[in-house]
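**Student:** here is the input, now give the coordinates:
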Amino acid sequence: MKKLFSFMPLFILAILISGCPKPCIEANYTFAVNSQITPDLDSVHIGDTLYLTSSFSSSLKDKIGGAIVDYSNANNINSTLGIGIFVDGNKIPNDAVFNFDYFSIKGGVYNDRNVASPDGTQQLIYQELNGKYELKIGLIPKIKGIYGLGVGDGLSTGRSGVKGCQKATFSISLNNTNQHFYIYQNIDNGHQITDYEQKHAYYFVVK
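**Tutor:** Numbers count the residues shown, from 1 in each chain. Coordinates of the predicted model:
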């Protein structure tokens, strides 16, 4: 599963933030936010639509220091969505970005060909609206199969008009009522679901 749910490059980008007296490598803030995939059905049909949504206030509690931080006017808040298909009972999914059509309602979804696995990873960007950061995208399956989605954690390089290092990471957890872990456990008999999978993984079948 490491292929599908490997999002650590989000945290090792060495980006210089304008206005910092020295390179801003480490994040100043870490925030915890939620996302959902709906409808949370274990099976859908070709042509159905799945929605990935996330919404949170621009005032957030910092997990590092515990303070409430006004993180409005972020330069960008980016995340990723890993998409894989399990073929012939193989425990490692094949890249499957292009097994779906996509559309953006709030924020955006796009495919960056410069990342390590562009055929298995979509890029996500949040939109700031009325004091909140919003993401809502649609996925329409085109090919039958058993799929896994991996929602990546997020990163912002800073805030517009604010001096000093304002880099932040976002711990993004799925809070679906059912993420259908049994689907993967049927493929990998006896697999114990990890804490990371509990937060980020979602499985379903396209019929």
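**Student:** what does the closest residue to residue 98 other than its chain neighbours show for phi and psi?
**Tutor:** In space, and not counting its chain neighbours, residue 98 is closest to residue 119: 6.8 Å by CB to CB, 6 or more residues apart in numbering. For the C-beta atoms, the positions are set from N, CA and C on the backbone; glycine is no exception. In terms of degrees, to the nearest 10, the main-chain angles of residue 119 are phi -80, psi -10.
**Student:** do the same with residue 131
**Tutor:** phi 80, psi 10.
**Student:** surely it is in contact with residue 72?
**Tutor:** Yes. Assessed by CB atoms under 8 Å, residue 131 is found in contact with residue 72 at 7.3 Å.
**Student:** these two: which is more packed in?
**Tutor:** residue 72 (17 against 10; other CB atoms under 10 Å).
**Student:** give me the pLDDT value at the closest residue to the more buried one other than its chain neighbours.
**Tutor:** Using CB to CB, 6+ apart and skipping the chain neighbours, the partner closest in space to residue 72 is residue 58 (4.1 Å). Among the per-residue scores, residue 58 shows a pLDDT of 96.
**Student:** again with the one 10 residues further on
**Tutor:** What the model reports for residue 68 is a pLDDT of 96.
**Student:** residues in contact with it?
**Tutor:** Residue 68 sits next to 59-62 when contact means CB atoms under 8 Å, 6 or more residues apart in numbering.
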